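1. Okay, predicted coordinates and the sequence, questions at the end:
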Amino acid sequence: MSKPNIFVRIFSALWSGADGLRKVLHLLLLLFVFIFAFGVLSGSTPPLLPQQAALLIQPAGALVDQLEGSPYDRALAELMGNAQQQTLVQDVVDALDAAGDDERIVAVHLELSALGSAGLDKLQRIGDALERFRESGKPVIASADYFGQRAYYLGAHADELYMHPEGIVYLAGYGSYRNYFKDAIDLLRIDWNVFRVGSHKSFTEPYTRMDMSPEDRASRERLVEGLWAMYQQDVVAARGLAAGSIQDFADNLITYVEAADGDIAVAARDHGLVDELLSRDELRELLKEYAGPAEDDETTYASVTMENYLLQQRLLHGPRTKSENVAVIVAAGEILNGSQPPGTIGGDSTARLLQRALQDDSVQAVVLRVDSGGGSVFASEVIAQEIEALQAAGKPVVASMGSAAASGGYWISAVADRIIASPSTITGSIGVIGMLPTFQRTLATVGIATDGVGTTPWSGELRPDRSLSDSTKRLFQLIIEDDYRDFVTGVAEHRELDVDYVDSIAQGKVWTGVEALDNGLVDELGGLDRALEVAAELAGLQEGSYGRKLIEVQLTPTEQMVVDILGGAKTLGIDPAVLATPPTPIEMFANQLQSMLAAVMKFNDPAGAYAYCFCEIN
């Protein structure tokens, strides 16, 4: 028999190879589907809860109303093991409220060693939730290796408060400090053109001064003293201390530590700030007396983490939504133009969330949770217009103020039907600023000049290598003044106040929530739950008849699939981090440069007008 010709044999070999490759790809596809399905099924089921356990709450990093970054980036970072440490206040509140009615939870262990920054209003929300849990008759045991001021506030709301023998309680009070750059700007020969309206509008001061102005100093002294008084009042009441004991410990810390032979932990215990000093082993033994030993490790106590507990509760009880709902939209961070990830407020991206509430027939009212020191005037106005569209459609909007709702944060709040602030909210700062640095003198020192021609007086005027003309400076100032008039008249209209009166409490002045209530900038004091109640009342919803619907950025189907695949792989023991290649030196440099430029690039308002508040109180 003769052999097939060469072309037939080549085709036959190619066909056999292709068929073999098809079978391999088929097997790989089946393996992929198996991993995906196994990951989804196994990843969606939380560990079973012991019949008796302590709820372990370990807030890590900053307490926030909204996690920073897109959901996809956060999910990938969590799978890779490099997620930014942040804790949602609502998660802590939800866990405590559910645990109070759960017979399996016999106590709460509040471990506070990893707690980072937190506004006083966020601490107060969790403090209130701790008090509600204690009403169930079950104890809260708080502990930390070291108690910073924020951690101590929460620890004071516990039934028992323990610290490591080598720890310290550090209560620094509240302060407001910042760097000033005028001399450096002069040395670098930069012309930092500043435009502002508001005698107390201090955001631009670091570029024009080397110290705090008398007006800003007076405002900030009032703010920090007011917040410190609230902090002390809350802690003294929760801990059962004598009035003035917190201030006394801070003022006479050296005396108390000397009396304790230099042991600051003993000084804190002797002053009544903590109940006892316990090592970690001793603390575990104490917790075993409440919750019993863990089934799989008798050296520790039976517990369930807040994350696993919430996952189980939400799977068992489902979403809070009903046929009629009050929507919650969080606006946290700087207000920037365009679309921005969560943790910042994008004019376009936040507007889309408000539009979703407008188009959702199940949403009868909206609570806008604002936690922002402001930003772009244009973006603020875009958001305000979407709020007015909701109101025109018969859906009332209530602004719920968090740690700060000032400047641009107040701009978007003022449009709401009602404004509810925390007593410790920093608000007001009604004023507008603009900044435009030019570098022609800097360039001249290295022999660079700029020259040219144009067809109008405005040609080449916004180049950073040319000085601003008097006409351009006047134009910028006119724009800033017009934006300020819009701000003041808008507040007067929506708050039903006299324009001159609003101007008198504006001028960039900053207020606590208590002061804002007194001068008419807010309607009442309360938290997010009170805002939900008011929104429901305005919409004519009966108590218990409506649900709560969180409207936020969500994963796309493709993103969800990728996350599920990587989650399934991790469940099978495959570390997703191996898929990530370490950055090259060039990439590391580019990332560092991008981080350095981010502070400048965020100023993206089309008209260069900003309603910013320097609201950092530490």
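-> Structure's in. What do you need? Numbers count the residues shown, from 1 in each chain.

2. Against Val328, how distant is Leu550?
-> Using Cβ to Cβ, to the nearest Å, Leu550 is found at 5 Å from Val328. Any C-beta I mention is one placed from the backbone N, CA and C, and that applies to glycine too.

3. That should have said Gln124, apologies.
-> Applying Cβ to Cβ, the value for Gln124 to Val328 is 18 Å.

4. In terms of neighbours, single out the busier of the two.
-> Set side by side, Gln124 and Val328 show more neighbours around Val328, with 23 against 20, by other Cβ atoms under 10 Å.

5. who touches the more buried one in this structure?
-> Val366, Val367, Arg369, Leu528, Leu532, Arg548, Lys549, Leu550, Ile551 (Cβ atoms under 8 Å, 6 or more residues apart in numbering).

6. got it, and Glu131?
-> Here Glu131 is in contact with His157, Ala238 (criterion: Cβ under 8 Å, 6+ apart).

7. right, and the helix or strand after the one helix or strand it maps to?
-> Element membership of Glu131 [criterion: DSSP states H and E] is helix 120-134. Scanning forward in sequence from helix 120-134 by DSSP H and E, the next helix or strand is strand 140-144.

8. relative to helix 120-134, how tilted is that next one?
-> On the basis of axes from the mean of the first three to the mean of the last three Cα atoms, to 10 degrees, strand 140-144 is oriented at 140 degrees to helix 120-134.

9. Could I get the average pLDDT for strand 140-144?
-> For strand 140-144, mean pLDDT rounds to 98.

10. Using PDB, write out every CA atom in the helix or strand following it.
-> Next along the chain after strand 140-144, taking DSSP H and E as the criterion, comes helix 149-155. Output of helix 149-155 as PDB, limited to C-alpha atoms (Å, rounded to 0.1, in the frame of the first residue of the first chain):
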ATOM      1  CA  GLN A 149      -7.500  58.700  72.500                       C
ATOM      2  CA  ARG A 150     -10.000  57.300  70.000                       C
ATOM      3  CA  ALA A 151      -9.600  53.700  71.300                       C
ATOM      4  CA  TYR A 152     -10.000  54.900  74.800                       C
ATOM      5  CA  TYR A 153     -13.300  56.600  74.000                       C
ATOM      6  CA  LEU A 154     -14.800  53.300  72.800                       C
ATOM      7  CA  GLY A 155     -13.100  51.300  75.700                       C
END
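
11. Name the surrounding residues that touch helix 149-155.
-> 59, 63, 110, 112-113, 115-118, 120, 123, 126-127, 130, 142-144, 147, 161, 169-173, 231, 234-235, 273-274.

12. again, but for stretch 434-446
-> With contacts defined as Cβ under 8 Å, 6+ apart, stretch 434-446 is touched by 185, 188-196, 204, 207, 449-450, 462-468, 476, 479-480, 603, 608-610.

13. just the buried members of these?
-> Neighbour-count burial (16 or more other Cβ atoms under 10 Å) applied to the contacts of stretch 434-446 gives 185, 190-196, 204, 207, 466, 468, 476, 479-480, 603, 608-610.

14. Please export the C-alpha coordinates of stretch 121-137 as CSV.
-> The C-alpha trace of stretch 121-137 is given here as CSV (Å, rounded to 0.1, in the frame of the first residue of the first chain):
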residue,chain,number,x,y,z
ASP,A,121,-19.2,61.5,65.6
LYS,A,122,-18.1,58.1,64.4
LEU,A,123,-17.0,57.2,67.9
GLN,A,124,-20.3,58.4,69.3
ARG,A,125,-22.3,56.2,66.9
ILE,A,126,-20.4,53.1,68.0
GLY,A,127,-20.6,54.2,71.6
ASP,A,128,-24.4,54.5,71.4
ALA,A,129,-24.5,51.0,69.8
LEU,A,130,-22.3,49.6,72.7
GLU,A,131,-24.8,51.1,75.2
ARG,A,132,-27.7,49.5,73.4
PHE,A,133,-25.9,46.1,73.5
ARG,A,134,-25.3,46.5,77.2
GLU,A,135,-29.0,47.0,77.8
SER,A,136,-29.4,43.3,76.9
GLY,A,137,-27.6,42.5,80.1
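
15. buried stuff in it?
-> Applying 16+ other Cβ under 10 Å to stretch 121-137 flags Asp121, Lys122, Leu123, Gln124, Arg125, Ile126, Gly127, Asp128, Ala129, Leu130, Phe133, Arg134 as buried.

16. ok, so of these, who is nearest Val510?
-> Asp121 (15.1 Å; Cβ to Cβ).

17. ok, so what distance separates the closest one from Thr305?
-> To Thr305, Asp121 is 25 Å away according to Cβ to Cβ.

18. do the same with Gly347
-> 38 Å.

19. Pick out whichever of those two has more residues nearby.
-> Counted by other Cβ under 10 Å, Gly347 and Thr305 do not tie: Gly347 has more neighbours, with 27 against 15.

20. Run through the residues that contact the more buried one.
-> Contacts for Gly347 (Cβ under 8 Å, 6+ apart) come out as Ile335, Leu336, Asn337, Gly338, Ser376, Phe378, Ala379, Ser380, Val382, Ile383.

21. Right, I'll leave it there.
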